[in-house]
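[1] I would like the atomic coordinates for the input below:
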Amino acid sequence: MRRTVIRYKTKPEMSDRNAELVAAVFAELQAAAGGLSLSVAAAGG
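    A predicted model of the protein is given here:
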């Protein structure tokens, strides 16, 4: 199985908006390709 890891930084004040956007992208990908396994992890810093 192929895995792709994407890392990026966001501004702290945009974390809630970023979470909304990530959820929307995951929902769209899941609908388009039902066999995907997706996860997100937030790193403190």
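[2] which residues touch residue 26?
    Residues near residue 26 by C-beta atoms under 8 Å, 6 or more residues apart in numbering: 38, 40. Where C-beta positions appear, they are placed from N, C-alpha and C, glycine not excepted.
[3] distance from whichever helix or strand residue 28 is part of to the middle of the chain?
    Taking DSSP states H and E as the definition, residue 28 sits inside helix 15-32. Centroid displacement of helix 15-32 relative to its chain, using C-alpha atoms, centre = their mean, to the nearest Å, is 6 Å.
[4] also stretch 26-36?
    That offset, for stretch 26-36, works out to 12 Å (C-alpha atoms, centre = their mean).
[5] let me see the mean pLDDT of that stretch.
    Taken as a whole, stretch 26-36 has a mean pLDDT of 80.
[6] can I get the CA coordinates of that stretch in PDB?
    The C-alpha trace of stretch 26-36 is given here as PDB (Å, rounded to 0.1, in the frame of the first residue of the first chain):
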ATOM      1  CA  PHE A  26     -11.400  14.300   3.700                       C
ATOM      2  CA  ALA A  27     -15.200  14.000   3.200                       C
ATOM      3  CA  GLU A  28     -14.800  14.800  -0.500                       C
ATOM      4  CA  LEU A  29     -12.000  12.200  -1.000                       C
ATOM      5  CA  GLN A  30     -13.900   9.600   0.900                       C
ATOM      6  CA  ALA A  31     -16.900  10.100  -1.400                       C
ATOM      7  CA  ALA A  32     -14.800   9.900  -4.500                       C
ATOM      8  CA  ALA A  33     -12.600   7.000  -3.500                       C
ATOM      9  CA  GLY A  34     -14.300   5.000  -0.800                       C
ATOM     10  CA  GLY A  35     -11.300   2.800   0.100                       C
ATOM     11  CA  LEU A  36      -9.100   5.600   1.400                       C
END
